[in-house]
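K.L.:
build me a model:
(2 chains, ligands or ions: 3)
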Amino acid sequence: MGLVADASSNLGAARAQMGLSLGWHIVFACLGVGFPVLILIAEWRGIHGDPDSMRLARKWAKVAGVLFAVGAVSGTILSFEMGLLWPGLMGKFGSVYGLPFALEGFAFFIEAIFLGIYLYAWDRLKPKVHLASGVPIAIAGVASAFFVVTANAWMNNPQGFILVNGQVTDPQPLTAMLNAATPVETGHMILAAFMVTGFLIASVYAVAMLRGRRDRYHKVGLLLPLIIATALTPAQIVVGDIAAREVADNQPVKLAAMEGLAHAEVGAGEHIGGIFINGQLRYAIVLPHVLAFLAKGDINATVQGLDSVPPQDRPEAVTLIHLAFNVMVGIGFLLLGLGAWLLGSWVRGRRAPASCWFLRAAIVAGPAAVVAMESGWIVTEVGRQPWIVYEVMRTADAVNPAPGLYWGLVALVVVYTVLTSVTVFVLRRLARSNGNGATGVAV
Amino acid sequence: MLANVVLGFLWGGITAYVLLAGADFGAGFWDLFSGSAQRGEARRHRIAASIGPVWEANHVWLIFALVVVWTGFPTVFAAVGSTLYIPLTAVAFGVILRGSAFAFRGAVTDLALQRVFGAAFALSSVITPFFLGTVAGAIASGRVPLGTARGDVIGSWLNPTSALGGVLAVEVAAYLAAVYLTADARRVGESDVAEWFRSRALLMGVVTGLTAVAGIAVLRADAPHLFAGLTGRGLPLIAATALFGIVSLVLLLRRSYLAVRVTAALAVVAVLWGWGAGQYPDLLVGAATVTSAAAPNTTLFFLVISLSVGSLFLIPALMLLYSISQSAPPETQPRYRP
Ligand code: HDD
Ligand code: HEM
Ligand code: HEM
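P.N.:
Ligands and ions are numbered 1, 2, ... in the order given. The predicted structure follows:
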């Protein structure tokens, strides 16, 4: 293969590269948002006389140190890719939606600075001062998620500029940032970050408990993150429902793809499962009228189908979008069920369920939350295609036409495969070692 | 006017990146040349202890520069990103490798693994500044035209000025690191280590100075526009570089480690600003000036407000970080044993 390729092969490669880098980064980004809060809660309990929580806080801080470094470098590559892959987007709209990234930059500074203090000065600061030094990390983590998702919300809901002969005039960065999709998207994402963190950490301790390490340390390690994550699940479902209605109003074609609606339907039914064959959804379970009610608040309302726009304006991967949406919602309700189990057992016996089945469910919950979160992003991003800026700029017009671009994808796949394996390896090592000289616990 | 303010923030950010993150890369360079695991142990430990708490914060200056360019001068960002995608991809991978390898090395305990991660950390610490230097050379020699991918994707960064930029970047990084580490080592009482870094700083000071002098000939032949700028408006700054460079050597010889930190940094700042002064007001030589490439005023206005308010939080926080990391008693610093 030579260094020659045409722009159309660049498009596929660039999209794959962007998707892979984002999908990778977001896992660490979620931990960057959620983990500081968890660690602080554990440390706070530790200061107030719970040595197990203190041990957890120290352990988690060590792990977080590695995770944050990987999160920071995987985010850096994204910033480069905005220019390497999508110069058309940035050159034209950087003045409109660049501002949140600049604000995010300051959040990164605060996060990295206080992380340095928090991790490296633990034994030199008074306990309360040390605890306080962690608070800016938590705030900055949430803030950075907020800012970057406003940028994404703008891509879905572009506003705050005027196009004159294809040229951007009168950019209004604040209007762009605060668009109709911003509140739901940012809220949904921040909740997702806490859920992913909570369920993932809980998984790790559930594994240890299933292997017989049922001491208090492991119980706290399981329950503290699990309670937080399950408590947020109902809120996440409510926000998700609002998000779907926002999508129905502002991005009807994306909604049609999510719901698998090929044609407009009066009193549209909710389609679960199924695949698209020749432009029709087959083998789906249909709940009559449910979609019309959920999306429009009226069981007889009409919901637009994919055919409301010409074929070149529809996303191609409709089956993927539809199933990804089903998976996210399905996992959301399963996680809600796990929370109900925990709550029920608490109400009846003032204790968490101790059965192996509960632990097994908790183990699965961590990866499941990640899958839900990734599926949500597939819905959002693939569902926006063929637009990079919804109904304003096509992804094909944004991509870098430089020859040989796809080698970047090849390199990225190699680097991320290695990096993923090494990160998992190092984290397992860290998990087995124990900073405080206690028994050889698994976590 | 506003465009110039934004450019000021940008150039300030790039300066901070060179002085702070540059030294972190340089520390990786010395890690590479610290000798066998046994002989190099104390030096590697000093390097890890010095950059551990600060490298992530220092690294953010790069992100800062990127986002200010893409918001304030979007077409320049698009032009640079698309034409120079090859060296920029190399930088991005270098950043990944450097950051993760350093974090991993600190997290594992057995020797073989520490060696592997250490080697990756050290190697990427050389690759990253090198390619950043080639990018600077490409821009400085006017090889990046406006528009998407209009430049030569290979020749833009594979040329004499870029090579000079790459080599200088690695040397400057190594020089700054050696100077900073000398003082760090002395502060915690490791006088052998301090002596080792001191001799490296002297060596690198001389090598960097010679490269810069040879570079004048390169620029004259390969980047006449920049050469004219450097010998015109940039001349006082270039003279200042020479002066600070020589003073720094004298201070190193006299073991004035704290003073030399300042003069060495000033020497580097003067080169950087000499380049800036020589090229101003062009951002892309002959293709885009600071005003022609700037985003519309509303954007610049919000950007300047954000940057100013952000700095109010940032500067005290940075000072806190540096004062805490500089006052650490040696025994509480992270321990790295190769
Ligand atoms: C823990 C993760 C998680 C869970 C349990 C859910 N979601 Fe979600 N969802 C996300 C994580 C997520 C996400 C990854 O965070 C997304 C991608 C973009 C965004 O803002 O949030 C998302 C996007 C997203 C969108 C697209 C928004 C857009 O394109 O603008 C809709 C309509 C929903 N979600 C709806 C729901 C519903 C009805 C749920 C009910 C169970 C649900 N989500 C559970
Ligand atoms: C971190 C969570 C995110 C994930 C997992 C994600 C996922 C994806 C995926 C899978 C694609 C490829 C779409 C396709 O080719 O069909 C994509 C494209 C893209 N995303 Fe996202 N995305 C995320 C967040 C964001 C955010 C916050 C932004 C910007 C602020 C963004 C900007 C883009 C851009 C510019 C593209 C390329 C153009 C396009 O395909 O539309 N993404 N993303
Ligand atoms: C929904 C999507 C995203 C969320 C929630 C998110 C959030 C975060 C968080 C919390 C961090 C800190 C990471 C940590 O400490 O582990 C981070 C790092 C980073 N992110 Fe993302 N991010 C997202 C997408 C993006 C995109 C699209 C870009 C670039 C265009 C980006 C650029 C960065 C950069 C440069 C860093 C490193 C900052 C540093 O050096 O400390 N992120 N992100």
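K.L.:
neighbours of the residue in chain B that ligand 1 sits nearest to, just the number please.
P.N.:
Using C-beta to the nearest ligand atom, the single residue of chain B nearest to ligand 1 is B:Val67, 21.0 Å away. Just so you know, the C-beta spots here come from the backbone N, C-alpha and C atoms, and that holds for glycine as well. By the criterion of other C-beta atoms under 10 Å in any protein chain shown, B:Val67 has 27 neighbours.
K.L.:
so it, which of the three states?
P.N.:
Secondary structure state of B:Val67, per DSSP: H, G, I helix; E, B strand; the rest coil, is helix.
K.L.:
ok, the nearest residue in space to it that is not next to it in sequence - how many residues close by?
P.N.:
With C-beta to C-beta, 6 or more residues apart in numbering or on different chains as the criterion, B:Val67 has its nearest non-adjacent residue at 4.3 Å, and that residue is A:Phe101. Residues lying near A:Phe101 (other C-beta under 10 Å) number 23.
K.L.:
right, and the residue of chain B closest to ligand 1 touches A:Pro100 too?
P.N.:
No: between B:Val67 and A:Pro100 there is no contact under C-beta atoms under 8 Å: 9.2 Å.
K.L.:
give me the pLDDT for A:Ala5.
P.N.:
pLDDT for A:Ala5: 46.
K.L.:
helix, strand or coil for B:Val153?
P.N.:
Assignment for B:Val153 (three-state DSSP): coil.
K.L.:
contacts only, for it.
P.N.:
Going by C-beta atoms under 8 Å, 6 or more residues apart in numbering or on different chains, B:Val153 touches A:402-404, B:83-86.
K.L.:
most surrounded residue in these?
P.N.:
B:Thr83 (30 neighbours).
K.L.:
mind showing which ranges of chain B have poor pLDDT?
P.N.:
For chain B, the stretches with pLDDT under 70 are B:328-338.
K.L.:
near chain B at all, the helix or strand where A:Leu163 lies?
P.N.:
Taking DSSP states H and E as the definition, one finds A:Leu163 inside strand A:162-164. No: figure legend: strand A:162-164 not in contact with chain B (C-beta under 8 Å from any C-beta of the partner chain); closest approach 10.8 Å.
K.L.:
again with stretch A:81-97
P.N.:
Yes: judged by C-beta under 8 Å from any C-beta, stretch A:81-97 and chain B are in contact via A:81-84, A:87-88, A:90-96.
K.L.:
how's chain A carved up into domains?
P.N.:
Here the domain parsing of chain A from automatic domain parsing is A:2-246+A:384-432, A:252-353.
K.L.:
out of these, deepest packed?
P.N.:
Among the domains of chain A, domain A:2-246+A:384-432 has the highest mean neighbour count (mean count of other C-beta atoms under 10 Å in any protein chain shown), at a mean of 20.
K.L.:
roughly how far is that domain from the heart of the chain?
P.N.:
How far domain A:2-246+A:384-432 lies from its chain's middle: 7 Å, per C-alpha atoms, centre = their mean, to the nearest Å.
K.L.:
do it and ligand 1 meet?
P.N.:
Yes: Domain A:2-246+A:384-432 is in contact with ligand 1 by C-beta under 6 Å from any ligand atom, via A:156, A:181, A:185, A:188-189, A:192, A:195-196, A:236-237, A:240-241, A:243-244.
K.L.:
ligand 2: which of the residues you listed is nearest?
P.N.:
For these, the nearest to ligand 2 is A:Met189 (7.8 Å; C-beta to the nearest ligand atom).
K.L.:
need the residues of domain A:2-246+A:384-432 next to ligand 1 in CSV with secondary structure and pLDDT, can you?
P.N.:
CSV is the format used below for the residues of domain A:2-246+A:384-432 next to ligand 1 (DSSP: H, G, I helix; E, B strand; the rest coil; pLDDT from 0 to 100):
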residue, secondary structure, pLDDT
A:Asn156, helix, 94
A:Ala181, coil, 91
A:Glu185, helix, 95
A:His188, helix, 97
A:Met189, helix, 97
A:Ala192, helix, 97
A:Met195, helix, 98
A:Val196, helix, 98
A:Gln236, helix, 96
A:Ile237, helix, 96
A:Gly240, helix, 95
A:Asp241, helix, 93
A:Ala243, helix, 94
A:Ala244, helix, 92
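K.L.:
that's all I had, so thanks and see you.
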